[in-house]
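Trainee: one predicted model, sequence on top.
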Amino acid sequence: MSSATDPKTAPTGEAIPEFLRGVDHFGPAWERYDIHGANAVIADGQQAIDDPDHPDAIYQTLLMADALRYLTLQVCGAKASGHPGGFASSADAYASLVMLGHTNIVTEVGHHAPGFYSAMFLDRSLEQMGIHTVEEMCARFRERHGLLGHLSGAIPGLLAPAGPLGQGQHFAMAGALLHSDKLFPFTLGDGGMGEPYVLSSMMHFHTAYPKSTNFLPVLVWNGYSQEHHSMVSRMSNEDMIAYWQGNGFEEVVLVDAKEFDDAGQDSAYADSTRFSFDQRLAFEGAVLRNMDRAAKSALGGTLTAFIIKQMKGAGVHTVGSKSHNLHPGDTLDTPHMIEGLKRRALQPAAWQLVRQNFERAGGGPAAKTVVTEFELDLAPLGSLPVKEFDLGDKQVPSTAMGALVAAVGKADPRFVVTNADGNEASAMANINQALKIRHPTPDDLYNQEPNGQVYEPLSEDACAGLAAGLALFGSRSLWLSYESFAINGWPIVQTVTQAMAELRHKTPSVVTMFTAGALEQGRNGWTHQRPEIENYFAAMMRNGNIFALFPCDANMIQVAYEWAVNSSNKGMILVASKSALPIRTTVEQSRKAIEHGATVLYQSEAGDKSTIVFAVTGDMVLLPVFEAKDRLEAQGHRVRIVCVANPRRLYRPTDVAWDTVSQPDNHFMHDDAFNALFDGDTLIGVSGGPSAMLEPVMLRTRAPKRDVFAWKRGETTASPAEIMAFNGITADTICARIDAMEGR
């Protein structure tokens, strides 16, 4: 950077505060600065401005917006990388929220990261990371152990991660549900608005929780997406307002920069930084005043949206999609970058004024005040009512788990269960009966009531989003789904579990349970037979805080859920059937299986031929395995059947990034215990889903011969046995494969 020599004075002759070390360009004092910049408008001891119409408040909000633009551009330019344009067009709205004291701000736009980091720098939150100067912020931008390219749970003061579009509203709604006295604004790009379910998820939430209106979508309508015009760029203001109203928003507040343009700009999307100074102030005053109106409306019980319509890239190096991201040539010593920075450059005194307002807004630095910097008190659960079923009985695993879920909900009033396809369809009607589906229409037949704890939008994205958001914000939740549809909601769970791996405090794990595995969905055909998502889960187990659990019966699933709901900062995935299946373990045995990773379900007492070991993930798929066992024993083989209940425990410590995450778990099965379970002449891995969950077993086994039976593809069938046969998972094929492997 050109300022690495740390000049002690600006060209104006002013002393440069230490935090500005590294600023490349300072500008002259704004006109009327001596009138409107004499004192910070957020007074010492206050959390917000008193009057959004006051000229000093408007003036200093504009200063804050330009300070954010400047830092956003310089921090990106320091690496010739990153995304300045989108945040630049939202800077006036962001600054208005801060000046009004609303600092629990979320975004669904990961590309706004440098702007959010600039805000956290100015309010001193980044000092917790050892970032005290602009020079240090630029040095650590987009670097490991620094300010990664998109928002993360690791950054002090930022409430939630942002990467994939279409997720921010879930965090804002979770915050609103848990903190009714605070406003949770979230910025939304007009490109991201087109992602599935963004507005419809808010509409469903409002129907279910009509009193929780204290989240505020802030649409940054700038006319462009990443590489082209946004698909809503041709809509009129009236059409855009009607669109939001059609999705349930009762108050839609829109401020259009074009209405203030005195620079003769051709586009329908105006760059407010090109206006005359008086018109810049007029526009800023409109944003500040209307943001205050929108915030009060949302906090007052009205579903409200705020829309700022302004050209993408307003106030940085260029505009439109060309402003979206920097390229290798966009360095701080190139003319167009220098000119962009000089246009936004402030005098040192103005920077100091902006910092004072940031430090005081919302009661102090976000790292010390926003809700996700504190652990929520959790209702004690006590001992869950685990019911032990007798060995040999047939019981439905999902129903057994449902009884415990009901107990959690009774003990914890904040607990929410989400499900898109219906709990009854997963043999978990007992959850609905106990906790009730949240619905404005009371109906005993359907277990509906307005204050229920079961949230059922017909969208896996909305289900996963609220459940994951609640967990990240400190509250217990559970997402239930068919395994075949889980992929529609899984990306936000991945986002949140990665954030949980970085959090500096404890929070309840994201707990999910997927029923109706592929083997149960014969009549529905391949549309309901998509267990391939287990490969996704398996890959994530190496992250360090992801656990996929495969209880083999109704006893073990209760223990698995008990273990998951009492864990912290992890992603807990339970996969089980909704069909009545034999009880194969005691509760004590189940606890050891979940804790250690696996347990022996069956061991031959005699046999004069080779030892065959089965390593099995799943419950229904054990049926052909036990049938094969009978045939193999009749031939004189010794057989051991091992339930792989918690495959993460079976990895070697070096396979998993366990030591890189918050609340680390370094429990892995020792070699002696592993070998006692899986040593044999032939090892056969069997999975009702794909084979990836068996990877830790295959990596460590010493068996000289090994093979795997696993899912191949779906088909319409009349029974689980037929779909297993279609995939080659039968006693006949298993025994034939073993004969071939052993040369018979």
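Mentor: On my side now, so go ahead.
Trainee: the strands in the stretch 501-650 of the chain, which residues?
Mentor: For the stretch 501-650 of the chain, applying DSSP state E, counting those that start in this stretch gives strands covering 510-515, 546-549, 571-575, 581-582, 598-603, 611-617, 638-644.
Trainee: ignore what I typed, I meant the stretch 1-150 of the chain.
Mentor: Using DSSP E, counting those that start in this stretch, strands in the stretch 1-150 of the chain cover 106-107.
Trainee: remind me which residues of it are low pLDDT?
Mentor: By pLDDT under 70, the low-scoring segments of the stretch 1-150 of the chain are 1-8.
Trainee: secondary structure element holding Trp244?
Mentor: Using DSSP states H and E, Trp244 sits in helix 237-246.
Trainee: hmm, back to that, figure out which of the strands of the stretch 501-650 of the chain is closest to Arg414.
Mentor: strand 510-515 (14.2 Å; Cβ to Cβ). C-betas here are computed from N, CA, C, even on glycine.
Trainee: run the angle between the closest one and strand 571-575 for me.
Mentor: Strand 510-515 runs at 10 degrees relative to strand 571-575, counting by axes from the mean of the first three to the mean of the last three Cα atoms, to 10 degrees.
Trainee: give me the most central residue, this structure.
Mentor: Val496 (3.2 Å; Cα atoms, centre = their mean).
Trainee: reformat the strands of the stretch 501-650 of the chain as a markdown table; add mean pLDDT.
Mentor: Output for the strands of the stretch 501-650 of the chain, formatted as a markdown table (pLDDT from 0 to 100):
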| stretch | mean pLDDT |
| --- | --- |
| strand 510-515 | 96 |
| strand 546-549 | 98 |
| strand 571-575 | 98 |
| strand 581-582 | 98 |
| strand 598-603 | 98 |
| strand 611-617 | 97 |
| strand 638-644 | 98 |
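Trainee: format these as TSV; extra columns: mean neighbour count and distance to Ile557.
Mentor: Below are those laid out as TSV (neighbours: other Cβ atoms under 10 Å; distance: least, Cβ to Cβ, whole Å):
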stretch	mean neighbour count	distance to Ile557
strand 510-515	28	8
strand 546-549	24	8
strand 571-575	27	7
strand 581-582	18	10
strand 598-603	19	14
strand 611-617	26	14
strand 638-644	24	12
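Trainee: need the ones you listed in a markdown table with distance to Phe19, can you?
Mentor: Putting those into a markdown table (distance: least, Cβ to Cβ, whole Å) gives the following:
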| stretch | distance to Phe19 |
| --- | --- |
| strand 510-515 | 37 |
| strand 546-549 | 39 |
| strand 571-575 | 38 |
| strand 581-582 | 63 |
| strand 598-603 | 55 |
| strand 611-617 | 54 |
| strand 638-644 | 54 |
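Trainee: of the ones you listed, which is nearest Pro365?
Mentor: The nearest among the strands of the stretch 501-650 of the chain, by Cβ to Cβ, is strand 510-515 at 27.8 Å.
Trainee: what strands line up against that closest one, and which way round?
Mentor: strand 477-482 (parallel), strand 571-575 (parallel) (DSSP bridges).
Trainee: how about those in TSV, adding distance to Ser719?
Mentor: Listed next are the strands paired with strand 510-515 as TSV, based on distance: least, Cβ to Cβ, whole Å:
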stretch	distance to Ser719
strand 477-482	18
strand 571-575	20
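Trainee: looking at those strands, which is closest to Lys712?
Mentor: strand 571-575 (18.1 Å).
Trainee: what's the distance between that closest one and the middle of its chain?
Mentor: Mean-position distance between strand 571-575 and its chain equals 16 Å (Cα atoms, centre = their mean, to the nearest Å).
Trainee: quick check: angle from it to strand 611-617?
Mentor: Using the same axes, to 10 degrees, strand 571-575 lies at 120 degrees relative to strand 611-617.
Trainee: surely Leu517 and Trp711 touch.
Mentor: Actually, residue 517 is Gly rather than Leu. No: Gly517 is beyond contact range of Trp711, at 9.5 Å (criterion: Cβ atoms under 8 Å).
Trainee: spit out the residues that contact those two alike.
Mentor: Listed as contacting both Gly517 and Trp711 by Cβ atoms under 8 Å, 6 or more residues apart in numbering are Pro531, Gly688, Gly689.
Trainee: got a list of what the last one touches?
Mentor: If I follow you right, that is Gly689. By Cβ under 8 Å, 6+ apart, the contact list for Gly689 reads Glu483, Gly517, Ala518, Pro531, Glu532, Glu534, Val575, Thr617, Gly618, Ala710, Trp711.
Trainee: swap in 10 Å and give it another go.
Mentor: Counting by Cβ atoms under 10 Å, 6 or more residues apart in numbering, Gly689 touches 483, 517-519, 529-535, 537-538, 548, 550, 575, 617-618, 621, 710-711.
Trainee: give me the nearest residue to it, chain neighbours excluded.
Mentor: Spatial nearest neighbour of Gly689, excluding adjacent residues (Cβ to Cβ, 6 or more residues apart in numbering): Pro531 at 3.4 Å.
Trainee: any idea how far the one you found is from Ser691?
Mentor: 11 Å (Cβ to Cβ, to the nearest Å).
Trainee: common neighbours of those two, please.
Mentor: Ala710, Trp711.
Trainee: picking up where we left off before, and the next helix or strand past the helix holding Trp244?
Mentor: Downstream of helix 237-246 (by DSSP H and E), the next one is strand 251-256.
Trainee: what angle do that following strand and helix 237-246 make?
Mentor: Using the same axes, to 10 degrees: strand 251-256 against helix 237-246 is 150 degrees.
Trainee: wait, what's in contact with the residue lying closest to Val697 once chain neighbours are set aside?
Mentor: Spatially, and ignoring its direct neighbours in sequence, Val697 is nearest to Ala615 (4.6 Å; Cβ to Cβ, 6+ apart). Contacts for Ala615 (Cβ under 10 Å, 6+ apart) come out as 598, 625, 640-644, 647, 650, 677-678, 680, 683-687, 693-694, 696-698, 701, 703, 706, 708.
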